[in-house]
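A.B. asks: could you look at this predicted model? Sequence included:
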Amino acid sequence: MLELDRISSFIKSYINDDEGRLGEIYADAVTRGVPVIRPETRELIKTQLILKKPKKLLEVGTAVGYSALYMSTLVSDDAHITTLELSEDRVADATANIASMGKEEQITIIQGDAADTLKTLPDDTFDFAFVDAAKGQYIAYYPDVMRVVRSGGLIISDNVLQDGDVLESHFLVEKRNRTIHDRMREYLYTITHDDKLDTAILSVGDGVAISVKR
């Protein structure tokens, strides 16, 4: 793991920090311990958005709005991002951050449990989905994420390695984390064995799965 840490630090040394208001939002989130995407993951998402050029984007897990705002800087002005968040407090923070960058028309937040709010979204709507919420719930979100993403659409799932926990056997993981561990294992098996998807699992950041819906 020490060698992997060295590799990660080396890669990060080549990544430029965000500038302006976006950089301030990121720094504030890190200071407050709010989960935000890691720099390596951010760079991977950037390349996928530039290649895919999606017009309709879905995010599961808004937090303070950083990743939605970051993605908004990489898509066309007529693209739209729908982002789902459970916490009312984080929705309030995200709403303020989105307003501070003048992105209210481009980003829509839906507050509530994503397991419920996903069901309100129409079929075959999104070209791109970014799943970055409660890791133990990815498998619960999966059927509706698949339903709302169009054929040819891209699904990126973040933090799938759980800081290495997912590599361990069930009984070597701390008892309080075993349910999350087992559900993530199930999720990874599902997205790599579903014949409607082509999936690659990458050791970027805390693990990223990139899936293309056939």
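C.D. replies: Alright, I've got the coordinates. Numbers count the residues shown, from 1 in each chain.

A.B. asks: what segments of this protein are strands?
C.D. replies: Assigned by DSSP state E, the strands in the chain fall at 56-60, 80-85, 107-111, 126-131, 149-158, 197-202, 208-213.

A.B. asks: OK, contacts around the nearest residue to L121 once chain neighbours are set aside?
C.D. replies: Distances taken as C-beta to C-beta, 6 or more residues apart in numbering put V148 closest to L121, at 4.8 Å, once the chain neighbours are dropped. The way it works is simple: take the backbone N, C-alpha and C, and place the C-beta from them, glycine included. By C-beta atoms under 8 Å, 6 or more residues apart in numbering, the contact set of V148 is 58, 118, 121-126, 129.

A.B. asks: which of these are buried, as a ChimeraX select command?
C.D. replies: Only the buried entries of these go into this ChimeraX selection, using 16 or more other C-beta atoms under 10 Å:
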select :58,118,121,126,129
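
A.B. asks: show me where pLDDT drops low in the protein?
C.D. replies: 1-4, 163-168, 170-173, 176-177 (pLDDT under 70).

A.B. asks: try it again with 80
C.D. replies: 1-5, 162-179 (pLDDT under 80).

A.B. asks: what about the helices in it?
C.D. replies: Counting by DSSP state H, the chain has helices at residues 2-12, 20-32, 39-52, 66-72, 88-100, 114-117, 138-148, 178-193.

A.B. asks: out of those helices, deepest packed?
C.D. replies: Each of these was scored by mean neighbour count; the highest is helix 66-72, a mean of 24, by mean count of other C-beta atoms under 10 Å.

A.B. asks: now D144, nearest residue through space, not along the chain?
C.D. replies: Per C-beta to C-beta, 6+ apart, closest to D144 is L118, 3.8 Å.
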